[in-house]
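K.L.:
A structural model of the following input is requested.
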Amino acid sequence: MNRRGFLFLGLSTSACLLMGHTPYRQWQVYRKSRLIFVVSEMDEVSLRLGSTIAPALAARVPESKAMMATAATAVDVVKLLTSAQLDVALLTSDDAYEALQGAGRFKGPAAPLRTLAAVGSSVLHLVTLSGQGITRVSDLKGKTLASGIPGSPTETLALRVLEASGIDAENDLRREPLAGAGARAALKERRIDAIARADLVADDALRELAGTPGIAIALLEHDETMPRIEAKYGPVYRRATIPKSAYPGIATDVGGIAVAHLLVCRDDFPEEKAYRIVKALAEPHDEAMLTRPPLPFHPGALEFYRGGSTPR
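P.N.:
Now for the predicted structure:
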């Protein structure tokens with residue numbers, strides 16, 4: 001991306017990136033005086049997480065003047081980091097891993113990314129209506145699935161689970177690019193047979209659906225696909241449990257697969273800044289943060305997790 005390709009951000013806390021409106025030198029001065037982290041508009045959960053992270057960082061590290069910006073896709077987010085227009089982003093663990101490898105839709109030079117923190121995780125929910133004869137993933141063959149917005153974390157994870165379950169997503173079922181309220185309405189009206197949704201547990205939208213009078217939902221277990229997915233796509237996911245208490249009418253815990261939401265930065269991001277960001281978001285020796293991520297920790301973040309002092 002050349003100098004004319006850099007992006008202008010408005011001064012609001014959640015800014016939308018727009019193409020080429022500010023002189024490059026002015027933009028560089030502007031961004032160096034603020035911590036601007038960028039999120040894909042396709043990643044609904046990271047957008048929600050980012051909207052809480054930005055004010056938290058701005059309050060706890062006032063000199064950062066932290067703010068969130070958005071780009072159209074995860075590919076655009078990575079381009080902003082690799083072109084050094086921005087230094088920090090929120091990415092899902094599968095996207096961050098592929099960008100680091102220069103693989104998949106990020107095919108090309110490896111992106112110089114490092115982990116600052118894991119700020120949350122989304123579990124894939126495969127939701128259907130009870131009594132429809134769909135009790136396992138393989139039963140989705142011949143059915144209609146709302147697989148999420150094309151290019152979204154939901155679609156990526158859902159397609160990989162289907163593949164690992166022996167389902168050809170192009171030929172063995174019908175997919176609708178529905179998400180959110182549109183998908184829920186279609187399931188209620190039985191225009192589709194199931195919904196794929198990667199979200200936090202317990203997702204408010206699914207709780208609302210499960211609590212609708214006359215509606216009884218079922219969640220399809222799929223954690224057994226983890227070894228096959230990991231063998232093909234790498235160590236980017238983890239097994240997770242959706243507890244029966246998360247949604248009305250669910251009788252047993254359900255095994256699923258989760259994707260982490262990672263705050264990442266360029267590998268040349270200053271260690272002292274990385275340390276202060278992580279300190280503002282986490283407690284020392286947080287075991288969840290110290291679990292090996294799919295891309296290496298930034299040295300400044302690792303120093304914090306090890307209980308060290310602020311790097312100089």
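K.L.:
so for the residue nearest the centre of the chain, what's the pLDDT?
P.N.:
In the chain, the residue lying closest to the centroid (CA atoms, centre = their mean) is residue 92, at 3.5 Å. At residue 92 the predicted local confidence, pLDDT, stands at 96.
K.L.:
is it true that it touches residue 259?
P.N.:
Yes: with contacts counted by CB atoms under 8 Å, residue 92 reaches residue 259, the gap being 4.9 Å. The way it works is simple: take the backbone N, C-alpha and C, and place the C-beta from them, glycine included.
K.L.:
shared neighbours, those two?
P.N.:
122, 153 (CB atoms under 8 Å, 6 or more residues apart in numbering).
K.L.:
picking that back up, list the contacts for the residue nearest to the centre of the chain?
P.N.:
43, 46, 74, 122, 153, 156, 259-262.
K.L.:
show me these that map onto helices.
P.N.:
46, 74, 153, 156 (DSSP state H).
K.L.:
closest one of the residues you listed to residue 115?
P.N.:
Distance to residue 115 across the ones in helices among the contacts of residue 92 (CB to CB) is lowest for residue 46, with 14.5 Å.
K.L.:
which non-adjacent residue is nearest that closest one?
P.N.:
residue 90 (4.3 Å; CB to CB, 6 or more residues apart in numbering).
K.L.:
just checking: what are the partner strands of the host helix or strand of that neighbour?
P.N.:
For residue 90, the host element (DSSP states H and E) is strand 88-92. Strand 88-92 has the following sheet partners, assigned by DSSP bridges: strand 36-40 (parallel), strand 254-266 (antiparallel).
K.L.:
make JSON lines from those strands and add mean pLDDT and mean neighbour count to it.
P.N.:
Listed next are the strands paired with strand 88-92 as JSON lines, based on pLDDT from 0 to 100; neighbours: other CB atoms under 10 Å:
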{"stretch": "strand 36-40", "mean pLDDT": "95", "mean neighbour count": "25"}
{"stretch": "strand 254-266", "mean pLDDT": "96", "mean neighbour count": "24"}
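K.L.:
dump those strands into TSV; add distance to residue 186 as well.
P.N.:
What follows is the strands paired with strand 88-92, written out as TSV (distance: least, CB to CB, whole Å):
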stretch	distance to residue 186
strand 36-40	24
strand 254-266	22
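K.L.:
could you list the domains of the chain?
P.N.:
Listed domain ranges for the chain are 3-120+262-305, 122-259 (source: automatic domain parsing).
K.L.:
mean pLDDT lowest for which of these?
P.N.:
Taking the mean pLDDT of the domains of the chain, domain 3-120+262-305 comes last: a mean of 83.
K.L.:
the strands in the stretch 151-300 of the chain, which residues?
P.N.:
174-176, 194-199, 217-219, 237-242, 254-266 (DSSP state E, counting those that start in this stretch).
K.L.:
residues in contact with the third one?
P.N.:
By CB under 8 Å, 6+ apart, the residues outside strand 217-219 that reach it are 125-130, 134-135, 206, 209-210, 242, 247, 249-250, 254, 256.
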